[in-house]
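Asks: predicted structure and sequence below. I'll ask about it afterward.
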Amino acid sequence: MMDMAEPLKMEIEQGCKGGDPVDIEARGKNKGTVFILVGHYLPGFRGGGPTRSIANLVSSLGQEFSFKVITLDRDLGDTMPYSGVAVNRWIRTGNADVMYLSPGWRGLLRMIVLLRSLDLGTVLYLNSFFNKRFSILAILLRRVCLIHPRRIVLAPRGEFSPGALQIKSTRKAAYITLARWLGFYRNVTWHASSHLEMADVQDLFGRQATVGIAVDLPQPRTDQEVSAISGRFSARTHGVKVAGRLRVVFVSRISPKKNLLAALRVLKGVSGDVAFDIYGPAEDAEYWNECKDVIETLPANVRVKYLGEVEHDKISEVFAKYDLLLLPTLGENYGHVICEALAAACPVLISDRTPWLGLQGIGVGWDVPLEDMQRFTAILQECVDAEGESYNRLRMRAKEYAEGLAANPSLVDANRRLFKAMTND
């Protein structure tokens, strides 16, 4: 099996529907309890990385820790709750006890009551820095001594990357300044998914900040699921890649951070028959209108389609149809979509602002500085011109690389150590 990209390897080595109600007191005895706040959770999928990160963590370690998740009763952008999911009571969802709360005042008050009920042995795990309801509220309650968790662990989920901080920068800078001045995050343990994210945390909160590094977990797969993915690769409906043609895909939220505008612009200089399909929720209408304006200016050889949203359980099937994932993101703390593309034998062309670095050296894709957009265009042209047999080797290397990561026990061990340290200290 080929070696993984060295930066990601270093991080690893160092570092649904609701079911029946559950007895929240009985479950979790003799296990460390981790109380998770996250804006959106299963069966939702539009929340992107944070949803997948928590779902994969719970799936991998749910037998070892008692995970209790508080989340909204609807997916990102939805006005209606999930169908068939009980609200405002604990139910079992996978390996976690989950409470789905309504978004109004009733749900907010219930969350405050739940946080007030935390015992001294509970670890509170926050999955955003800027989210008011699912992060800042808990921080303020602790600051005024209304809640007393054993420890607060906060995963900023890429919110501290330079690209992310550029978005609504004035508001974010004001809150960070206030939080540092008033000591909101004193004695918080930060969960970074890479040394790059650890540096981002310490740039804002000082070298004295306590940071634990544990790479986000890929989705655990059974042997049957791995075989199914392999089958989709071998049965590609579009057959062997033809020189002069390229099927490119963008799968992510349509927002400034994901940088779809740059992806569209680098396609302008590419010759050949190029199909570029876009999947993802258009959560920023103004930004999506800018993207549509650029689409109108693209040459006739570049055909762009917006195909709406894709549910997570269909993602590998989608990637299996394409030759390349194009994602010039402004910053990712992990990038689950990158891992999913590679697992489906879809090479990637991404920015260098993720932990997925050194990809060209191991032959599974490319990570390119955003300052060098001409390089993006040049690589796209190379992919257009590539012929079937050589490109199939690239696809197979991508798939084998992702399978090697998923099978690496060091990823799970790093996350296990992080939470054991918090629940046992």
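Replies: Thanks, I have the structure now.
Asks: any stretches of this protein with poor pLDDT?
Replies: Counting by pLDDT under 70, the chain contains low-confidence ranges at 1-30, 221-239.
Asks: center of it - which residue?
Replies: The chain has residue 49 as the residue nearest its centroid, 1.9 Å off, counting by C-alpha atoms, centre = their mean.
Asks: from residue 128, how far off is that one?
Replies: Per C-beta to C-beta, to the nearest Å, residue 49 is found 11 Å from residue 128. In short, each C-beta sits where N, CA and C put it, glycine included.
Asks: hey, what's in contact with both of the two?
Replies: Contact with both residue 49 and residue 128 is made by residues residue 157, according to C-beta atoms under 8 Å, 6 or more residues apart in numbering.
Asks: coming back round to it: for the residue nearest to the centre of the chain, give me its contacts.
Replies: When the contact criterion is C-beta under 8 Å, 6+ apart, the partners of residue 49 are 157-158, 216, 332-337.
Asks: next one: residue 373
Replies: 262, 265-266, 328.
Asks: recalculate using a threshold of 6 Å.
Replies: By C-beta atoms under 6 Å, 6 or more residues apart in numbering, the contact set of residue 373 is residue 266.
Asks: which parts of the stretch 251-400 of the chain are strands?
Replies: With DSSP state E, counting those that start in this stretch applied, the stretch 251-400 of the chain shows strands at 273-279, 302-306, 324-327, 348-351, 365-368, listed in chain order.
Asks: of the contacts of residue 49, which is the nearest to residue 198?
Replies: Of all the contacts of residue 49, residue 333 has the smallest distance to residue 198: 10.3 Å, by C-beta to C-beta.
Asks: any idea how far that closest one is from residue 178?
Replies: Distance of residue 333 to residue 178, given as C-beta to C-beta: 23 Å.
Asks: between the two, who's got more neighbours?
Replies: Regarding residue 333 and residue 178, a neighbour count based on other C-beta atoms under 10 Å identifies residue 333 as having more, with 26 against 10.
Asks: now that one. Nearest residue, chain neighbours left out?
Replies: Taking C-beta to C-beta, 6 or more residues apart in numbering, and ignoring the residues beside it in sequence, residue 333 has residue 158 as its nearest neighbour in space, at 3.6 Å.
Asks: that neighbour belongs to a strand?
Replies: No. The assignment for residue 158 is coil, going by DSSP: H, G, I helix; E, B strand; the rest coil, so no strand is present there.
Asks: so what's it up against?
Replies: Contact criterion C-beta under 6 Å, 6+ apart gives 164, 331-333 as the residues in contact with residue 158.
Asks: export these as JSON lines, with columns for distance to residue 409.
Replies: Supplementary listing: the contacts of residue 158 in JSON lines, determined by distance: C-beta to C-beta, whole Å:
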{"residue": "164", "distance to residue 409": "31"}
{"residue": "331", "distance to residue 409": "28"}
{"residue": "332", "distance to residue 409": "24"}
{"residue": "333", "distance to residue 409": "22"}
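Asks: of those, which is the most crowded?
Replies: Among the contacts of residue 158, where neighbours are counted by other C-beta under 10 Å, the top count belongs to residue 332, at 31 neighbours.
Asks: quick one, phi/psi of it?
Replies: Recorded main-chain torsions at residue 332 are phi -140, psi 130, according to degrees, to the nearest 10.
Asks: what's the local residue count around the nearest residue to it once chain neighbours are set aside?
Replies: Leaving out its chain neighbours, the residue that sits closest to residue 332 by C-beta to C-beta, 6+ apart is residue 354, at 4.1 Å. As a burial measure, residue 354 scores 25 neighbours (other C-beta under 10 Å).
Asks: swap in residue 103?
Replies: 14.
Asks: ok, the residue lying closest to it once chain neighbours are set aside to residue 111 distance?
Replies: What sits nearest to residue 103 in space, not counting adjacent residues and going by C-beta to C-beta, 6+ apart, is residue 72, at 5.8 Å. Counting by C-beta to C-beta, the gap from residue 72 to residue 111 is 10 Å.
Asks: next, show the common contact partners of those two.
Replies: With contacts taken as C-beta under 6 Å, 6+ apart, not a single residue reaches both residue 72 and residue 111.
Asks: ok, residue 209 touching residue 202?
Replies: Yes. Using C-beta atoms under 6 Å, residue 209 makes contact with residue 202 at a distance of 5.4 Å.
Asks: which ones are touching residue 216?
Replies: The neighbours of residue 216, taking C-beta under 6 Å, 6+ apart as the test, are 53, 193, 334.
Asks: of those, closest to residue 255?
Replies: Set against residue 255, the nearest of the contacts of residue 216 by C-beta to C-beta is residue 334 (16.9 Å).
Asks: how many neighbouring residues does that closest one have?
Replies: Every residue meeting other C-beta under 10 Å relative to residue 334 is counted, giving 25.
Asks: same question for residue 106.
Replies: Residue 106 has 12 neighbours, counted by other C-beta under 10 Å.
Asks: hang on, it is in a helix, isn't it?
Replies: Yes. Looking at residue 106 with three-state DSSP, it is inside a helix.
Asks: leaving out sequence neighbours, find the closest residue to it.
Replies: Of all residues beyond its chain neighbours, the one nearest residue 106 is residue 88 (7.7 Å), with distances taken as C-beta to C-beta, 6+ apart.
Asks: rewinding a little: of residue 72 and residue 111, give the one with the bigger neighbour count.
Replies: Per other C-beta under 10 Å, whichever of residue 72 and residue 111 has more neighbours is residue 72, with 23 against 19.
Asks: and this protein, what are its domains?
Replies: As given by automatic domain parsing, the domain ranges for the chain are 6-217+409-424, 223-406.
Asks: residue contacts, residue 218?
Replies: Shown in contact with residue 218 (C-beta under 6 Å, 6+ apart): 339, 405-406.
Asks: please redo it, this time with the cut-off set to 10 Å
Replies: Contacts here follow C-beta atoms under 10 Å, 6 or more residues apart in numbering; on that basis residue 218 touches 52, 56, 60, 334, 336, 339-340, 342-343, 402-403, 405-408, 411.
Asks: for residue 319, state which of the residues you listed is nearest.
Replies: Once C-beta to C-beta is applied, the member of the contacts of residue 218 that ends up nearest residue 319 is residue 340, at 6.4 Å.
Asks: so how far is residue 52 from the closest one?
Replies: From residue 340 across to residue 52, the span is 9 Å (C-beta to C-beta).
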